[in-house]
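>>> Pasting the sequence and the predicted coordinates here, then a few questions.
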Protein chains: 2
Amino acid sequence: MAVGLGVNDFIACCGSTKFAEQMVADGPFDTYDKAVVAAKNIWFNKVDVHGWLEAFAAHPQIGQNPSSVANKSSTSAQWSKGEQSTALATATDSSLQELYEWNSQYKQKFGFVFLICASGRSTPEILAELKRRFSNRPIVEFEIAAQEQMKITELRLQKLFSNVDVTKAEGRV
Amino acid sequence: MAVGLGVNDFIACCGSTKFAEQMVADGPFDTYDKAVVAAKNIWFNKVDVHGWLEAFAAHPQIGQNPSSVANKSSTSAQWSKGEQSTALATATDSSLQELYEWNSQYKQKFGFVFLICASGRSTPEILAELKRRFSNRPIVEFEIAAQEQMKITELRLQKLFSNVDVTKAEGRV
């Protein structure tokens, strides 16, 4: 049983306070799978648009150093760095510059940071996706960003639950 | 030609600053029809989610006295009163109380006021619609509210353009 998961653990997965509090209220969860089912229900059905914006604001810009962002969760900043490792390994100075410029334009148009589940994605791939999504209507892009946030949340819940399992296993030795 | 329409005129139609500024930038409009085409384009394609929330916040709760709401536009408050005249004429103390309670629940779930183009609608109709929409996912309801805002904006633009025509006509005498 995944005991000991609190608001701060869930905030590291998704920066909406309501999301994290509701996860604690709905838990504890025996398995990762049950946690994901609850997380999807909370995120898409219960967290309002302000909560979505709150969660988006917890992310650094893609290509930006996560630790430079004011963040409620140091775990979130650490995980963000890991998730962007492929992107950073495939970045050149000019592609990083282009990413920076498109990110700024994106934020100006939509009012929140460009969100993408970056795990395993190269900088050219991310840049192409940013350019493709830029032409969307704001409400369409808002929902896509929320879906990307959910993918990120799933990956992070997985990490959270593997850590808990490790702790449990160590506890049993 | 509809001259002399400024930011404050358009703010009275839709409380998003970006909407109003963009209408001024895209104008002046010869006809009401041209203004509506521009308004739809701006509202759905250019105003971001923060702008939608800003516009929603300019509305009183249905059934509430519009002048009791802090509003950037006294014209908006006046028009709001007119739009709710059928609702108020068909309201009883108990239906107003029920409306008040459902409005509160709605705002708690979605984070913004229940928005409906109230013109010609009775209180029972509005209440039924509120209850029906309450079960929507937040993002779905967000977009419906934006569509209702557009209907309200169209009605108000119509008033704006009739006033302008009257002024013009008077000017010619």
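Received, thanks.
>>> Surely residue A:95 touches residue A:126?
No - checked against C-beta atoms under 8 Å, the pair residue A:95 and residue A:126 is beyond contact range at 9.3 Å. Bear in mind the C-beta positions are built from the backbone N, C-alpha and C, glycine included.
>>> out of the two, which sits in the more crowded spot?
More crowded of residue A:95 and residue A:126, by other C-beta atoms under 10 Å in any protein chain shown: residue A:126, with 23 against 17.
>>> does that one sit in a helix or strand, and which one?
Counting by DSSP states H and E, the element that carries residue A:126 is helix A:123-134.
>>> Check which residues of that helix are buried.
A:123, A:126, A:127, A:129, A:130, A:133 (16 or more other C-beta atoms under 10 Å in any protein chain shown).
>>> Enumerate the positions of the longest helix belonging to chain A that are buried.
Ranked by number of residues, the top helix in chain A under DSSP state H is helix A:138-172. Judged by neighbour count using 16+ other C-beta under 10 Å, the buried positions of helix A:138-172 are A:138-139, A:141-143, A:145-146, A:148-150, A:152-157, A:159-161, A:164.
>>> residue contacts, the closest residue to residue A:116 other than its chain neighbours?
In space, residue A:116 comes closest to residue A:148 once its chain neighbours are excluded; the distance is 5.3 Å by C-beta to C-beta, 6 or more residues apart in numbering or on different chains. Residue A:148 makes contact with A:115, A:116, A:117, according to C-beta atoms under 8 Å, 6 or more residues apart in numbering or on different chains.
>>> that older thread, now the angle between helix B:138-172 and the longest helix of chain A, please.
Helix A:138-172 runs at 160 degrees relative to helix B:138-172, counting by axes from the mean of the first three to the mean of the last three C-alpha atoms, to 10 degrees.
>>> Report the distance from helix A:138-172 to the chain centre.
Put simply, helix A:138-172 sits 7 Å off its chain's centre (C-alpha atoms, centre = their mean, to the nearest Å).
>>> Give me the mean pLDDT for it.
Averaged over helix A:138-172, pLDDT sits at 84.
>>> and the residue nearest the centre of chain A, what does it touch?
By C-alpha atoms, centre = their mean, the mean C-alpha position of chain A lies nearest to residue A:152, the distance being 4.0 Å. Neighbour list for residue A:152: A:13, A:14, A:83, A:115, A:117 [criterion: C-beta under 8 Å, 6+ apart].
>>> Could you rerun that using 10 Å?
Applying C-beta atoms under 10 Å, 6 or more residues apart in numbering or on different chains to residue A:152 gives the contacts A:13-14, A:55, A:59, A:76, A:79-80, A:83, A:115-119.
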